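Peer 1: Compute the structure for the input listed below.
(one chain, ligands or ions: 4)
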Amino acid sequence: MEILQFDFMQRALLAALLIGLSAPAVGIYLVQRRLALIGDGMGHVALTGVGIGLLTRSGPVWTALVCTVVGAVLIEFMRAKGRTSSDVALAVMFYGGIAGGVVLLAKAPGSTPANLNAYLFGSITSTTPGDLVVFAVLAVVVLAVALGMSRVFFTVGADEEYATAAGLPVLALNIVLAVMVAVTVVVSMRVVGLLLVSALMIVPVAVAQRVGRSFAGTVATAMVVGVLVSVGGVFTSFYADTPSGATIVLAAIAVFVLTAAGTALRARMRGPHNEAEDHLHAHGPTCGHRAVPHEDHVDYLHDGHRHAPHGAHYDEHFAEDDEEHVAGGPGPGGPAAQGRRSS
Ligand SMILES: [Zn+2]
Ligand SMILES: [Zn+2]
Ligand SMILES: [Zn+2]
Ligand SMILES: [Zn+2]
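Peer 2: Ligands and ions are numbered 1, 2, ... in the order given. A predicted model of the protein is given here:
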């Protein structure tokens, strides 16, 4: 293809591939924890790192990485404290991040408004060969951790109290997740831009949740959607001469709207969808609950209910011969009932 003759396009497409795979793989845990906006805040913090890098003429990728990782760890400690004041502290940190970045960039030698625009909204010409090597290493590490430890991250996201009682290092795991978000923000900043980074972590996951039948299926679908919209967005950006990040995000939103319309239509034809309320336990082949085949998937018998994994939550399923289970209500309780959260 003609456009592949351009070195910058080859780099932009490779970067898009890396982002498309890693951003949703991390984003699914943010969606599960209802922290969809944290990535957005980290993008703001990263801008100060970029400003420091340009001002001191060190690589902006490295300074952005240091700033964002430090920010991520601070955010996680504040969240762990769980006070209302931490909400305001986060907001102050995010505003400070973007304001500091804008001021530092304005003072950096040779910096122009176009330069700031490229950092905020992405540009296909901005990925250097050096960046690409760093991005590839970081993305592979993030993917390996996010996919390799998915069961643990899922359990912590489902219920922190239960995870703590089960002996999982919840704070450490949350910090690892926050650092992965920070790294993803930096890997995505060239092509997607810091103001839009978060969308690529969240929107493909939102699409996948509507069609995924299991957690693993949802992750895989989100990654496919992520790659399609990021690579497709870079192509479109080249031909339409538009900022790449905004193009990618619009493509993702278009896919989301179409999927939402399609699944809403299908749900109307199929009847209601019952999400298990406040489900605090991750079912699996070794969890001890009996697995029962049901149509094209398995249900787990859990406190008198049938639970089927659906995206990042569980659905209540019913079978014709199952009336007595459903009528029986919750039993004395497995691990989930004991860890029930009051929220
Ligand atoms: Zn179970
Ligand atoms: Zn079922
Ligand atoms: Zn269950
Ligand atoms: Zn569901």
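
Peer 1: C-alpha only now, for contacts and for neighbours.
Peer 2: OK.

Peer 1: what helix or strand does Gly288 sit in?
Peer 2: Per DSSP states H and E: Gly288 is located in neither a helix nor a strand.

Peer 1: Give the helix, strand or coil label for Ser126.
Peer 2: Of the three states, Ser126 takes coil under DSSP: H, G, I helix; E, B strand; the rest coil.

Peer 1: Leu301 too?
Peer 2: Judged by three-state DSSP, the three-state class of Leu301 is strand.

Peer 1: Give the closest residue to it in space, chain neighbours not counted.
Peer 2: Spatial nearest neighbour of Leu301, chain neighbours left out: Arg290 (5.4 Å); criterion: Cα to Cα, 6 or more residues apart in numbering.

Peer 1: just for the stretch 151-300 of the chain, where's the confidence low?
Peer 2: Scanning the stretch 151-300 of the chain for pLDDT under 70 picks out 270-272.

Peer 1: What count of nearby residues applies to the residue in the stretch 201-343 of the chain positioned nearest to ligand 1?
Peer 2: Ranking the residues of the stretch 201-343 of the chain by distance to ligand 1 (Cα to the ion) places His283 first, at 3.7 Å. When neighbours are counted by other Cα atoms under 10 Å, His283 registers 21.

Peer 1: residues in contact with stretch 40-58?
Peer 2: With contact meaning Cα atoms under 8 Å, 6 or more residues apart in numbering, stretch 40-58 is reached by 59-68, 71-72, 93-105, 107-109, 119, 181-182, 185-186, 194-199.

Peer 1: Tell me who's in contact with Ala220.
Peer 2: The neighbourhood of Ala220, defined by Cα under 8 Å, 6+ apart, contains no residues.

Peer 1: List the buried residues for the helix or strand hosting it?
Peer 2: Taking DSSP H and E as the definition, Ala220 sits inside helix 215-240. Neighbour counts over helix 215-240 (16 or more other Cα atoms under 10 Å) mark 215-238 as buried.

Peer 1: With stretch 107-115 instead?
Peer 2: Across stretch 107-115, burial judged by 16+ other Cα under 10 Å covers Ala108.

Peer 1: Give me the local confidence score for Leu14.
Peer 2: According to the prediction, Leu14 has pLDDT 93.

Peer 1: re the thing from before, I'd like to know how many residues surround the residue nearest to Leu301.
Peer 2: 16.

Peer 1: same question, Ala260
Peer 2: By other Cα under 10 Å, 16 other residues sit near Ala260.

Peer 1: and if you look at Ala291?
Peer 2: Ala291: 20 neighbours (other Cα under 10 Å).

Peer 1: Show me what it is bridged to.
Peer 2: Under DSSP bridges, the beta-bridge partners of Ala291 are Tyr300.

Peer 1: wait, doesn't it sit right on Val298?
Peer 2: Yes: at 6.0 Å, Ala291 counts as touching Val298 under the criterion of Cα atoms under 8 Å.

Peer 1: and Glu324, what pLDDT?
Peer 2: On pLDDT, Glu324 comes in at 43.

Peer 1: Around ligand 1, pick out the residues from this structure.
Peer 2: Counting by Cα under 5 Å from the ion, the chain comes close to ligand 1 at His283, Cys287, His289.

Peer 1: out of these, who's nearest ligand 4?
Peer 2: Minimum distance to ligand 4 across those is 14.5 Å, recorded for His283 (Cα to the ion).

Peer 1: For ligand 2, what's its nearest residue on the stretch 1-150 of the chain.
Peer 2: Gln32 (21.2 Å).

Peer 1: and the gap between that residue and Gly212?
Peer 2: 14 Å (Cα to Cα, to the nearest Å).

Peer 1: Report pLDDT for the residue lying closest to Ile75 once chain neighbours are set aside.
Peer 2: Nearest residue to Ile75, sequence neighbours excluded (Cα to Cα, 6+ apart): Leu90, at 6.8 Å. pLDDT recorded at Leu90 is 83.
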